[in-house]
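Participant: Let's see this in three dimensions:
(2 chains)
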Amino acid sequence: DAGVTQSPTHLIKTRGQQVTLRCSPKSGHDTVSWYQQALGQGPQFIFQYYEEEERQRGNFPDRFSGHQFPNYSSELNVNALLLGYSALYLCASSSVDTQYFGPGTRLTVL
Amino acid sequence: KNQVEQSPQSLIILEGKNCTLQCNYTVSPFSNLRWYKQDTGRGPVSLTIMTFSENTKSNGRYTATLDADTKQSSLHITASQLSDSASYICVVSARSGNTGKLIFGQGTTLQVKP
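Facilitator: Numbers count the residues shown, from 1 in each chain, chains lettered A, B, ... in the order given. Model (predicted):
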């Protein structure tokens, strides 16, 4: 079992560009959550997907969007990147009350 | 408002010493409380998870306690090692339908020096 995997591991974009991050959940997990973690801060909840629908959403603008596929994998899309979006983006998969985090994608916006 | 507060913000100890990290929360309805260890630039790794009825749980040199009445938790690290240097994050799950909503503390940064 590979656990939660994310791709890419690192990414550099320029302001105004669009980015797509990907997450494969742990085997048997059907819920995927995305978090943004700025340097030195705790993770901030972006949204959660279950049964291919967005179930919960944190305080993030609509330029943050996502998708969950039938195999439970998920994508996080961010349009019109801002410098302040440079962060570690974490994906977590869960089943009932157990949640596991992926290694994260380090996004740098220049 | 659901909140999780951790103290201290940062901590430096010598290798071999013990330390205790604190977590206070105001989360309702409470589902469970987790402690995570996060190495710099990596994803958090679960250390312990406790439900309302559990007072203590150990994972090797890590022992977590939970007082659901006072809404406080602590993480005690025994005989610290250099590899314990990391951020420790307290996360409380608020029950929300079939899935829980996680509320994260800001973390305590621990540095273990030789």
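Participant: so where's chain A shaky on pLDDT?
Facilitator: Chain A contains residues with pLDDT under 70 at A:1, A:96-97.
Participant: In it, what residue comes closest to chain B?
Facilitator: Nearest residue of chain A to chain B, counting by C-beta to the nearest C-beta: residue A:101, 3.8 Å away. Any C-beta I mention is one placed from the backbone N, CA and C, and that applies to glycine too.
Participant: So what sits opposite residue 36 in the bridge?
Facilitator: All of this is about chain A. residue A:44, residue A:89 (DSSP bridges).
Participant: Please refer instead to chain B.
Facilitator: residue B:46, residue B:89.
Participant: Could you pull up the residues touching residue 107?
Facilitator: You didn't pick a chain, so chain A it is. Taking C-beta atoms under 8 Å, 6 or more residues apart in numbering or on different chains, we find residue A:107 in contact with A:11-13, A:19, A:21, A:85-89.
Participant: Correction: the question concerned chain B.
Facilitator: Counted by C-beta under 8 Å, 6+ apart, residue B:107 has contacts A:42, B:6, B:38, B:87-90.
Participant: okay, it: pLDDT?
Facilitator: pLDDT for residue B:107: 93.
Participant: tally of neighbours for residue 88?
Facilitator: You didn't pick a chain, so chain A it is. Per other C-beta atoms under 10 Å in any protein chain shown, the neighbour tally for residue A:88 reads 21.
Participant: ah, I was thinking of chain B
Facilitator: 24.
Participant: swap in residue A:19?
Facilitator: By other C-beta under 10 Å, the residues close to residue A:19 number 18.
Participant: cool, the one 4 residues further on as well?
Facilitator: The local packing count at residue A:23 equals 27, with neighbours defined by other C-beta under 10 Å.
Participant: For it, pull up the helix or strand it's in.
Facilitator: Taking DSSP states H and E as the definition, residue A:23 sits inside strand A:19-24.
Participant: Now for residue A:42: which residues touch it?
Facilitator: B:89, B:104-107.
Participant: Restricted to strands, list the residues you listed.
Facilitator: Residues of the contacts of residue A:42 located in strands (DSSP state E): B:89, B:104.
Participant: Can you say which of the contacts of residue A:42 are buried?
Facilitator: B:89, B:104-107 (16 or more other C-beta atoms under 10 Å in any protein chain shown).
Participant: show me the contacts for the residue nearest to the spatial centre of chain A.
Facilitator: Centrality entry for chain A: nearest residue to the mean C-alpha point is residue A:34, 3.5 Å, by C-alpha atoms, centre = their mean. Residues in contact with residue A:34 (C-beta under 8 Å, 6+ apart) are A:23, A:45-48, A:66, A:74, A:76, A:89-92.
Participant: what bridges to residue A:31?
Facilitator: Beta-bridge pairing of residue A:31 under DSSP bridges involves residue A:50, residue A:94.
Participant: Does it touch residue A:50 like I think?
Facilitator: Yes: between residue A:31 and residue A:50 a contact is recorded at 4.7 Å, counting by C-beta atoms under 8 Å.
Participant: Give the residue from those two that has the larger number of neighbours.
Facilitator: The neighbour count for residue A:31 versus residue A:50, taken as other C-beta under 10 Å, is higher for residue A:31 (23 against 18).
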